[in-house]
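Asks: everything below, folded, please.
(one chain, ligands or ions: 1)
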Amino acid sequence: MSNASLTLDPAFTIGAVDPRLFGSFVEHLGRCVYTGIFEPGHPAADEHGLRRDVLDLVRELGVTVVRYPGGNFVSGYRWEDGVGPERPVRLDPAWKSIEPNVFGLGEFINWTRLAGVIPMMAVNLGTRGVQEACDLLEYANHPAGTALSELRVSHGAIKPYDIGLWCLGNEMDGPWQTGHKTAAEYGRLAAETARAMRMIDPNLELVACGSSGAGMPTFGAWEATVLEEAYDQVDYISLHAYYEPLGGDLTSFLASGAMMESYIEDAIATCDHVRARLKKDKRIHLSFDEWNVWYMSRHQSEPPTEWEHAPRLLEDHYNVMDAVVVGSLLIALLRHADRVKIACQAQLVNVIAPIVAEPGGPAWRQTTFHPFAQAARYGRGEVLRVEPDSPPAGDVPALHATAVRAPDGTVTLFAVNRSQTEPLDLTATVGALGDVRLLEHTVLTDDDLDARNTADDPDRVRPHSVGTSVVGGGTLRALLPPVSWNVIRLG
Ligand code: AHR
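Replies: Model prediction:
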């Protein structure tokens, strides 16, 4: 047992949480769309083929914004293929898949309305450019009276889709990306595309591609070059990061949240360096629009061999430790809520996802569903500045924590114990919160850190209430088991 401490004081805040911090991602990849959110003929599907059982879980998860249609997929995508009555079947080279285009923009917007989420649309800046982006925007957002807006109306969508949030391409520095570019090439294209899109709709919020990861040789210089070109035209720069226990190193894996925090801080430093150089008042915010645990090295050794429709790709089956790491990644995002305004867990269903949808069968929650759902529910309000003190777990402190004060004054402490051996005896000074009571302490952990949920046992891993925590005399005492995700609510 080790001791740990922190202080919760509403006088010290980081900033308000943008609800779009709890976003997700639907890509035409594997079974995310087909037999994921969309499966005509499934017993739970509506008349449009949208799975109601999946929609129920999406609403329960608390997702606020969903990025679409990719991902690597978007860099070879012709949006026109996914609208109207003619839907050509195409090759998707990004994922070596057959794309029937039965699901496209209109179907996605219909789904977002049922799910109650904001659409975040990506344009193809890999094989396409300014004109196609403007065409898509006109089709989607212009009310009526032009060729493309009338085309939408003729497809049954009388009212415009009013999509306000757009990504200017995807991972354009990645050699794996169709049509990948140098920073100078992309910066110019992003600026020109943004300029033209804003001429059609000045109220858009635009996300430029940052480097596709902190480990890329391009990271840092890429962001600086892109922002030198596009600073006035864009609002956000994207960050992408996936974590896994490389070489079985669980200590480093449990420190993923710390790696994410240092990536965010480096990206902020780069944005603010350009801001100073260009003498701008405006700050660029961050859109962490792909993040998750992804056992990528496993999948790289199993690339698809045949051209298939909706193959089983990237279907990670998450365990308890993965859920604790996801919790820590959510803590990292919240701890930077002043600059990270949008974040999308990649992805939503089947593909490295918190929700699994069996073709023709049930939909169920992976272990990673729970930390996301709890953070999305209780992580609304003002993030408090929390400075935990604890012994180390490897190179980072064992305790990773943040707290959010809701508008009703309720304070939720999110805490992960990254130690694999030592429980943490937490003492939190909470006197500045006033006369608060303990509402609940839930913990997600297990004696078997490899335990997983399955279709047959979908609730094997979930948070449980613990009755041992106490609040009194301005102090909270709580026990945080090794490798655990804790949600402690005070009010
Ligand atoms: O989310 C899976 C893939 O990861 C996305 O298509 C791509 O943008 C990233 O490399």
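Asks: ok, the residue in the chain positioned nearest to the ligand - contacts?
Replies: Nearest to the ligand in the chain, going by CB to the nearest ligand atom, is Gly71, at a distance of 3.0 Å. All C-beta atoms are positioned from the backbone trio N, CA, C, and that covers glycine. Neighbouring residues of Gly71 by CB atoms under 8 Å, 6 or more residues apart in numbering: Phe25, Glu27, His28, Leu29, Ala94, Ala122, Asn170, Glu290, Ala346.
Asks: out of the residues you listed, which touch the ligand?
Replies: Glu27, Leu29, Asn170, Glu290, Ala346 (CB under 6 Å from any ligand atom).
Asks: who wins for neighbours among these?
Replies: Sorting the ones next to the ligand among the contacts of Gly71 by how many neighbours each has (other CB atoms under 10 Å) puts Asn170 first, at 32 neighbours.
Asks: would you list the contacts of Gly71 in CSV and tack on pLDDT, secondary structure and distance to Ala208?
Replies: Output for the contacts of Gly71, formatted as CSV (pLDDT from 0 to 100; DSSP: H, G, I helix; E, B strand; the rest coil; distance: CB to CB, whole Å):
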residue, pLDDT, secondary structure, distance to Ala208
Phe25, 98, strand, 17
Glu27, 98, coil, 19
His28, 98, coil, 22
Leu29, 97, coil, 22
Ala94, 96, coil, 20
Ala122, 98, strand, 12
Asn170, 98, coil, 11
Glu290, 98, strand, 14
Ala346, 98, coil, 18
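Asks: report the buried residues of the longest helix seen in the chain.
Replies: In the chain, taking DSSP state H as the definition, the longest helix is helix 256-278. Residues of helix 256-278 classed as buried: 256-261, 263-264, 267-268, 270-271, 274-275 (neighbour count, 16 or more other CB atoms under 10 Å).
Asks: cool, and stretch 73-81?
Replies: Neighbour count says stretch 73-81 has Phe73, Val74, Ser75, Gly76, Tyr77, Trp79, Glu80, Asp81 buried, by 16+ other CB under 10 Å.
Asks: may I see the buried residues of the lowest-mean-pLDDT helix or strand in the chain?
Replies: Every helix and strand of the chain was ranked by mean pLDDT, DSSP states H and E. The lowest is helix 296-300, at a mean of 81. Neighbour counts over helix 296-300 (16+ other CB under 10 Å) mark His299 as buried.
Asks: tell me the average confidence for the helix or strand just after that helix?
Replies: Following helix 296-300 in sequence order, the next helix or strand is helix 320-334 (DSSP states H and E). Helix 320-334 shows a mean pLDDT of 98.
Asks: give the next helix or strand downstream of helix 320-334.
Replies: strand 340-345.
Asks: contacting residues around the helix or strand following that following strand?
Replies: The first helix or strand that comes after strand 340-345 along the chain, using DSSP H and E, is strand 355-357. Contacts to strand 355-357, defined as CB under 8 Å, 6+ apart, come from residues 31, 35-37, 39, 51, 53-54, 57-58, 61, 315, 348-350, 363-366, 369, 455.
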